[in-house]
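J.: sequence first, then the predicted structure:
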Amino acid sequence: MAKIADNRLLLGIDLGGTKSAALIATAGGEIRHRVSAPTPAQGGPGEIVPFLIELAQRALREGPGPVSGVGVSAGAPTDGRTGHVYEAPNLPGWGNDGVPLADLLSDALGGLPIAVENDANATALAEHRFGAGRGTTDMAFLTVGTGIGAGLILGGRLHRGRSALAGEIGHIAVEPGGRPCPCGLRGCLEAYASGPSVTRIAVEKGFQGEPTGQAVVVAARGGDEAAAAALAQAAQMLGRGLATLCMITNVERIVLGTLAVHAADLLLPTIRAVVNKSTWHGISEHLSIVPAELGDRAQDLAAICAWLTRDEEHLP
Ligand SMILES: [Zn+2]
């Protein structure tokens with residue numbers, strides 16, 4: 001990780017599906033104090049907002065201070081410009097109009113300025129600033145976990161889109177008329193290459209082991225044909241999806257997270273080959289596709305970067 005000498009203290013909050021954390025860190029990415037707790041399952045805002053406030057107050061009480069800003073990385077549909085968080089399958093009760101999470105947290109934390117981003121965008125910012133995207137102007141970060149989503153840095157800036165839905169690469173069609181996707185479309189990338197999809201396809205092909213992404217990866221390395229075939233198909237589909245992304249954005253680097261980090265040896269050669277074959281030379285010759293670098297610290301740094309980016313963007 002790059003060492004950046006910036007000792008301003010910040011509060012980061014990571015709202016995760018199963019666990020959440022609050023941490024005090026320097027703007028240079030050094031974590032000074034961290035507290036975490038299980039996120040209330042299926043929680044509405046009436047449960048989650050007080051839970052996050054309590055977690056944040058604990059970090060502020062126990063860690064060093066004072067902090068100058070707060071960044072939140074939310075595993076939820078989020079409009080980074082307004083700080084609203086919206087309804088999702090794992091977040092019932094947040095509504096289609098959303099909840100003004102940034103304002104609610106700021107009020108409870110003595111008026112501290114707050115920026116909220118969805119976790120794909122926030123992690124893209126973290127990999128761009130501290131990890132595998134360092135030094136690039138145009139890059140994409142892909143979460144390849146329970147779902148597939150991308151954060152896009154274009155021209156050195158986070159690209160959120162008109163309704164903060166840019167980067168929904170998990171739901172572009174890579175196989176017309178293909179497997180049904182919970183989003184209502186067919187042939188989505190996510191229906192082939194998310195962790196649960198790879199596991200489901202491996203089982204359909206005859207995989208007998210424990211039905212988890214990790215077990216499928218281990219079995220594929222050990223020569224299990226069903227597991228290897230499911231991962232080969234996922235790599236093929238990721239290649240198709242990324243080729244489309246590259247033809248549109250001409251990014252210079254794609255950073256792949258989660259499954260693609262754990263199974264880089266099994267996935268990356270095919271992904272690179274498909275992208276090279278399916279894009280113009282002028283695009284692929286300037287492109288590198290690499291695994292994410294930040295590992296366990298990605299979500300903490302993502303939260304910090306949500307604030308740092310906002311601070312630099314000078315948005316209202
Ligand atoms: Zn879909």
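T.: It's in.

J.: what kind of secondary structure is A220 in?
T.: Judged by DSSP: H, G, I helix; E, B strand; the rest coil, the three-state class of A220 is helix.

J.: wait, what's in contact with it?
T.: Applying Cβ atoms under 8 Å, 6 or more residues apart in numbering to A220 gives the contacts 227-228, 230-231, 263, 266. Glycine gets a C-beta too; all of them are placed from N, C-alpha and C.

J.: how about 7 Å then?
T.: 227-228, 231, 266 (Cβ atoms under 7 Å, 6 or more residues apart in numbering).

J.: what does L154 give?
T.: Contact analysis of L154 by Cβ under 7 Å, 6+ apart lists 138, 249.

J.: swap the cut-off to 10 Å and go again
T.: 137-140, 166, 249-251 (Cβ atoms under 10 Å, 6 or more residues apart in numbering).

J.: next, count neighbours for the residue nearest to G98 when sequence neighbours are not counted.
T.: Spatial nearest neighbour of G98, excluding adjacent residues (Cβ to Cβ, 6 or more residues apart in numbering): H84 at 3.5 Å. By other Cβ atoms under 10 Å, the residues close to H84 number 20.

J.: quick check, pLDDT for whatever residue of the stretch 201-316 of the chain ends up closest to the ion.
T.: Of all residues in the stretch 201-316 of the chain, G241 sits closest to the ion, at 11.5 Å by Cβ to the ion. If you check G241, the pLDDT there is 97.

J.: quick revisit: now the residue nearest to G98: how far from L104?
T.: 10 Å (Cβ to Cβ, to the nearest Å).

J.: and for A228?
T.: 48 Å.

J.: how about G241?
T.: On the measure of Cβ to Cβ, G241 and L104 end up 36 Å apart.

J.: compare these two (neighbour count), which wins?
T.: Neighbour count, other Cβ under 10 Å: between G241 and L104, G241 has more, with 27 against 18.

J.: what sits against the more buried one?
T.: Contacts of G241 by Cβ under 10 Å, 6+ apart are 142, 148, 150, 169-174, 188-190, 192-193, 271, 274-275.

J.: give me the subset of these that also touch the ion.
T.: The subset of those within reach of the ion, by Cβ under 5 Å from the ion, is 171, 188.

J.: can you tell me which of the contacts of G241 are in strands?
T.: Mapping the contacts of G241 onto strands (DSSP state E) picks out 142, 148, 150.

J.: any chance of CSV for these, columns distance to K205, pLDDT and neighbour count?
T.: Shown next, in CSV, are those (distance: Cβ to Cβ, whole Å; pLDDT from 0 to 100; neighbours: other Cβ atoms under 10 Å):
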residue, distance to K205, pLDDT, neighbour count
L142, 24, 96, 30
I148, 20, 93, 32
A150, 27, 96, 26
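
J.: so what's M247 up against?
T.: Going by Cβ under 10 Å, 6+ apart, M247 touches 275, 278-280, 283.

J.: narrow those to those in helices?
T.: 275, 278, 283 (DSSP state H).

J.: I'd say S288 and C246 touch.
T.: No - applying Cβ atoms under 10 Å as the test, S288 and C246 come out as separate, 11.3 Å apart.

J.: these two: who's more crowded?
T.: C246 (22 against 14).

J.: next secondary structure element downstream of the helix or strand containing the more buried one?
T.: Counting by DSSP states H and E, the element that carries C246 is helix 225-249. Next in sequence after helix 225-249, counting helices and strands by DSSP H and E, comes strand 253-256.

J.: next one: that following strand to chain centre, how far?
T.: From the chain centre to the centre of strand 253-256 is a distance of 12 Å (Cα atoms, centre = their mean, to the nearest Å).

J.: other SSEs contacting it?
T.: helix 119-130, strand 139-144, strand 148-154, helix 225-249, helix 264-278, strand 288-291 (3 or more Cβ pairs under 10 Å, 6 or more residues apart in numbering; DSSP states H and E).

J.: again, 8 Å this time
T.: strand 139-144, helix 225-249, helix 264-278, strand 288-291 (3 or more Cβ pairs under 8 Å, 6 or more residues apart in numbering; DSSP states H and E).

J.: quick one, what contacts the residue nearest to the spatial centre of the chain?
T.: Centroid-nearest residue in the chain, with Cα atoms, centre = their mean: A120, separated by 2.7 Å. With contact set as Cβ under 8 Å, 6+ apart, A120 has these partners: 141-143, 149-151, 167.

J.: likewise for D311?
T.: 69, 113, 115.

J.: cross those residues against strands and list the overlap.
T.: Using DSSP E, these in strands are A115.

J.: buried subset of the contacts of D311?
T.: The neighbour count (16 or more other Cβ atoms under 10 Å) marks 69, 115 as buried among the contacts of D311.

J.: for the stretch 151-300 of the chain, which residues are neighbours of the ion?
T.: 171, 181, 183, 185, 188.
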